[in-house]
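*Asks:* heads up, no residue letters with this:
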């Protein structure tokens, strides 16, 4: 009969459609929605919270000034600090303070990146090197960067080379240890598959090890920048010379020497603003890109 001939075909078609629908649903779940976020949502989620926090801090600060919890020379008002900002801007020195420190910090961090990356790969992939150098890197990472300033001054003198040496000694261990941690988190199956496909040596490091270790490596870079910036501030505070110019650390020290808390607050705010700006403009986008590439960050 005609009905008995078409029944199996209809069931087969239904099964094929169900399978296709299941595959489409799984594909939809795996697909990252990359639509543009509305401007209003961006303002509410990204801009409003930090602005509200800043306004709250200013309000509390001004309230403490009105309550006279401390003398003016110990706790200046926000308007006094703003006057210090205006004076530095009118003198043309505000951007000079910032650029002197930022240029040193970025160049020192790039040098630390060039040194710390191959060192981290070497420690991660060679057992003898890890046994010999691994504990030293961990010890150097825990050593306060300010401890390197006196010997760097004695060895190199009061110049930019001393500044870069302090930055390197503070940042290289963090970058190397971050990469080592990232390599240790790579599933062994990935490494064996890479060897099977012929990805060994430098090719394996570039195509298998570095992409697999990227989350840990990026965390090490972020920490390395923090160490670079703090090391530089310590060096600028302790070591002063006309040849070095006036960076943010030296500005902070000048405020202390002049007993000017408004200048001290100005230096602290500028140091904080630079650190936040580097994180928001450089490391946060990199983190989102890495997470999005691994399907760990879904935007709706």
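*Replies:* In hand now; what should we look at? Predicted, not measured: the structure shown is a model, and the values here were computed from it. Numbering: from 1, shown residues only.
*Asks:* look up how far residue 267 lies from residue 245.
*Replies:* 14 Å (C-beta to C-beta, to the nearest Å). In short, each C-beta sits where N, CA and C put it, glycine included.
*Asks:* neighbour count: these two, which is higher?
*Replies:* Applying other C-beta atoms under 10 Å to residue 245 and residue 267 shows that residue 267 carries more neighbours, namely 25 against 15.
*Asks:* tell me the contacts of that one?
*Replies:* The contact partners of residue 267, by C-beta atoms under 8 Å, 6 or more residues apart in numbering, come to 97, 248, 249, 251, 252, 255.
*Asks:* pull the number of nearby residues for the fourth one.
*Replies:* What that stands for is residue 251. By other C-beta under 10 Å, 26 other residues sit near residue 251.
*Asks:* find the residue ranges of the stretch 151-300 of the chain scoring beneath the pLDDT cut-off.
*Replies:* Within the stretch 151-300 of the chain, the stretches with pLDDT under 70 are 190-207, 295-300.
*Asks:* that older thread, could you dump the contacts of residue 267 into CSV with secondary structure and distance to residue 144 added?
*Replies:* Converted to CSV, these look like this (DSSP: H, G, I helix; E, B strand; the rest coil; distance: C-beta to C-beta, whole Å):
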residue, secondary structure, distance to residue 144
97, helix, 24
248, helix, 19
249, helix, 15
251, helix, 22
252, helix, 17
255, helix, 22
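*Asks:* can you say which of these are buried?
*Replies:* 97, 248, 249, 251, 252, 255 (16 or more other C-beta atoms under 10 Å).
*Asks:* and those, which is closest to residue 172?
*Replies:* Nearest to residue 172 among the buried ones among the contacts of residue 267: residue 249, at 20.4 Å, using C-beta to C-beta.
*Asks:* my read: that closest one touches residue 231, true?
*Replies:* No - using C-beta atoms under 8 Å, residue 249 is not in contact with residue 231; the gap is 10.1 Å.
*Asks:* appreciated, that's everything.
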